[in-house]
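A.B. asks: compute the structure for the input listed below.
(chains A and B)
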2 protein chains.
Amino acid sequence: MTKKAVVLYSGGLDSTTCLAIARSEGFAPYALSFDYGQRHILELERARAYAPQVGAVEHRVVRIDLRQFGGSALTSEVAVPKDRPDADDIPVTYVPARNTVFLSFALAWAEVLGAFDIYIGVNALDYSGYPDCRPEFIAAFEQVANLATRAGVERGAFRIHAPLQQMTKADIVRCGLEHKVDFGLTHSCYDPTTAGLACGRCDSCRLRLKGFAEAGSTDPIAYAD
Amino acid sequence: MTKKAVVLYSGGLDSTTCLAIARSEGFAPYALSFDYGQRHILELERARAYAPQVGAVEHRVVRIDLRQFGGSALTSEVAVPKDRPDADDIPVTYVPARNTVFLSFALAWAEVLGAFDIYIGVNALDYSGYPDCRPEFIAAFEQVANLATRAGVERGAFRIHAPLQQMTKADIVRCGLEHKVDFGLTHSCYDPTTAGLACGRCDSCRLRLKGFAEAGSTDPIAYAD
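C.D. replies: Numbers count the residues shown, from 1 in each chain, chains lettered A, B, ... in the order given. All right, here's what the predicted structure looks like:
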């Protein structure tokens, strides 16, 4: 029987490539998305539509209310910054403890599925300054996974895979293309137009466009400008 | 200004005592409960009613859907075991990754509140065999908290307090009484009657009754038998 893996899947370029990697490494991917009050809800609709096409065996969307805590431009009424100069500081689009919350749910589902592998498409290079994308965070969460669960206690075998961790955005684009990811079925913009076009100017769009440019490739999705 | 602490609060004997301890240690307690599809929903109604009376500055209930993953008698249609002999194995009332999920949300709220302290009423002695109640789990999660968050990165000061960790249930009862906890305003049963009486026979009731007996005290709540 094919081993199962839970893959955190937003429908974006990174998580879709991550799902393709999980498949190529021999896992049956169980895709997990979150409806967490994100303002870019389009992300979720596309994730739902594309999950089977990009190879997910099953796709669940968990609704969680991070918005009631506030604190981020992605979940509250703070404006998404545009044309932000590259900087090391943590931007307002940071969602408090987001990856910790996401990995916790992935762990819960993995335990019920009998899976010991969780894939997360975080990236330590072009990572927008989010602390919960760093390798030391992933390692610490793996430790938690093995201490927190019945499966971890009995078999101690949970692994958090972050295959994109040391890649640049250009590397991710190249890797996705090698794995035959249809990037036309992915979506990255934090602040799309009402017609569903990517804005081209938020941190997420700028990183994506830079990635395609540096990979010598063209982004197949449509942009507003 | 009084320092804030997020206290995981179910309205039970342990978490209510834990909240009282947080207060006595000088914190303003922000109580956090979860509507996670638990079958003992009465727990939540009482938590909501009693939170201000037991000293919470604010009380939030986060709705999360752990039930869609299944896997526990507390969230699905598996029967709650009664009169279970004491055993070291992990019972069916174990909810996959529950404390990891709960602590993740506590961390998110703490970060938004500007709090660096989280209280959780887990107990390593009379702990029903749940792996995510052990000290090594708490220590690993504290590590995650400091690596995952902007606040942790900038100040590295998150602390997960588990003051009941080394107490027996009798110790907790004694400690609660010293802190003037009104145990009549707490609720522990996994499977209360429709009239709201505790069953007296599930693991949670049995531990509670044993605690009061060993503390030489009488439980003020009403039981079915």
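
A.B. asks: when you work out contacts or count neighbours from here on, use the C-alpha atoms and nothing else.
C.D. replies: Noted.

A.B. asks: does chain B have contacts with the longest strand that chain A contains?
C.D. replies: The longest strand of chain A (DSSP state E) is strand A:27-35. No: counting by Cα under 8 Å from any Cα of the partner chain, chain B is not contacted by strand A:27-35; separation bottoms out at 10.9 Å.

A.B. asks: partners of that strand, with directions?
C.D. replies: strand A:3-8 (parallel), strand A:58-63 (parallel) (DSSP bridges).

A.B. asks: between those, which one is closest to B:Phe105.
C.D. replies: strand A:58-63 (13.3 Å; Cα to Cα).

A.B. asks: next SSE downstream of the closest one?
C.D. replies: helix A:98-113 (DSSP states H and E).

A.B. asks: near chain B, which residues of chain A?
C.D. replies: Residues of chain A lying close to chain B by Cα under 8 Å from any Cα are A:62-66, A:69-71, A:90, A:96-101, A:104-105, A:107-109, A:111-112, A:130-133, A:136-137, A:140-141, A:143-144, A:147-150, A:153.

A.B. asks: so which elements touch the helix-or-strand element of chain A with minimal mean pLDDT?
C.D. replies: Lowest by mean pLDDT, DSSP states H and E among the helices and strands of chain A is helix A:150-155, with a mean of 78. Applying 3 or more Cα pairs under 8 Å, 6 or more residues apart in numbering or on different chains; DSSP states H and E, we find helix A:150-155 packed against helix A:135-148.

A.B. asks: now do the helix it packs on, average pLDDT.
C.D. replies: The pLDDT scores in helix A:135-148 average 94.

A.B. asks: ditto for stretch A:104-118
C.D. replies: Averaged across stretch A:104-118, pLDDT comes to 93.

A.B. asks: what do you get for stretch A:25-40?
C.D. replies: Averaging pLDDT along stretch A:25-40 yields 86.

A.B. asks: ok, residues contacting it?
C.D. replies: A:2-10, A:19, A:22-23, A:41, A:44, A:47, A:51, A:55-67, A:74-76, A:102, A:106, A:189-192 (Cα atoms under 8 Å, 6 or more residues apart in numbering or on different chains).

A.B. asks: just the buried ones out of those residues, please.
C.D. replies: Buried members of those, scored by 16 or more other Cα atoms under 10 Å in any protein chain shown, are A:4-10, A:19, A:22-23, A:44, A:47, A:51, A:55-56, A:59-62, A:64-67, A:74-76, A:102, A:106, A:189-192.

A.B. asks: tell me who's in contact with A:Glu136.
C.D. replies: B:Leu147.

A.B. asks: neighbours around A:His179, how many?
C.D. replies: By the criterion of other Cα atoms under 10 Å in any protein chain shown, A:His179 has 16 neighbours.

A.B. asks: give me the distance between the two termini of stretch A:179-188.
C.D. replies: 19 Å (Cα to Cα, to the nearest Å).

A.B. asks: is it true that A:Thr100 touches B:Thr149?
C.D. replies: No: counting by Cα atoms under 8 Å, A:Thr100 sits too far from B:Thr149 to count as a contact (9.1 Å).

A.B. asks: tell me, what's touching those two both at once?
C.D. replies: Common neighbours of A:Thr100 and B:Thr149, counting by Cα under 8 Å, 6+ apart, are A:Asp132.

A.B. asks: can you select the buried ones from the residues of chain A next to chain B in PyMOL?
C.D. replies: Selection of the buried residues among the residues of chain A next to chain B in PyMOL, burial being defined by 16+ other Cα under 10 Å:
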select buried, chain A and resi 62+64+65+66+69+70+71+96+97+98+99+100+101+104+105+107+108+109+111+112+130+131+132+133+137+140+141+143+144+147+148+149+150
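
A.B. asks: name the SS class of A:Asp14, please.
C.D. replies: Under the three-state scheme (DSSP: H, G, I helix; E, B strand; the rest coil), A:Asp14 adopts helix.

A.B. asks: now the strands paired with strand A:27-35 in JSON lines, with mean pLDDT?
C.D. replies: Below are these laid out as JSON lines (pLDDT from 0 to 100):
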{"stretch": "strand A:3-8", "mean pLDDT": "97"}
{"stretch": "strand A:58-63", "mean pLDDT": "91"}
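
A.B. asks: now the residue of chain A positioned farthest from its centre: how far from A:Leu13?
C.D. replies: Most distant from the centre of chain A: A:Glu154, at 29.1 Å, with distances by Cα atoms, centre = their mean. Relative to A:Leu13, A:Glu154 is positioned 35 Å away (Cα to Cα).

A.B. asks: likewise for A:Lys210?
C.D. replies: Separation of A:Lys210 from A:Leu13 (Cα to Cα): 13 Å.

A.B. asks: now A:Ala22
C.D. replies: As defined by Cα to Cα, A:Ala22 lies at a distance of 14 Å from A:Leu13.

A.B. asks: go on, A:Thr100?
C.D. replies: Counting by Cα to Cα, the gap from A:Thr100 to A:Leu13 is 21 Å.

A.B. asks: what does A:Ile120 give?
C.D. replies: As judged by Cα to Cα, A:Ile120 and A:Leu13 stand 12 Å apart.

A.B. asks: the two: which has the busier surroundings?
C.D. replies: A:Ile120 (26 against 23).

A.B. asks: thanks again, I'm all set now.
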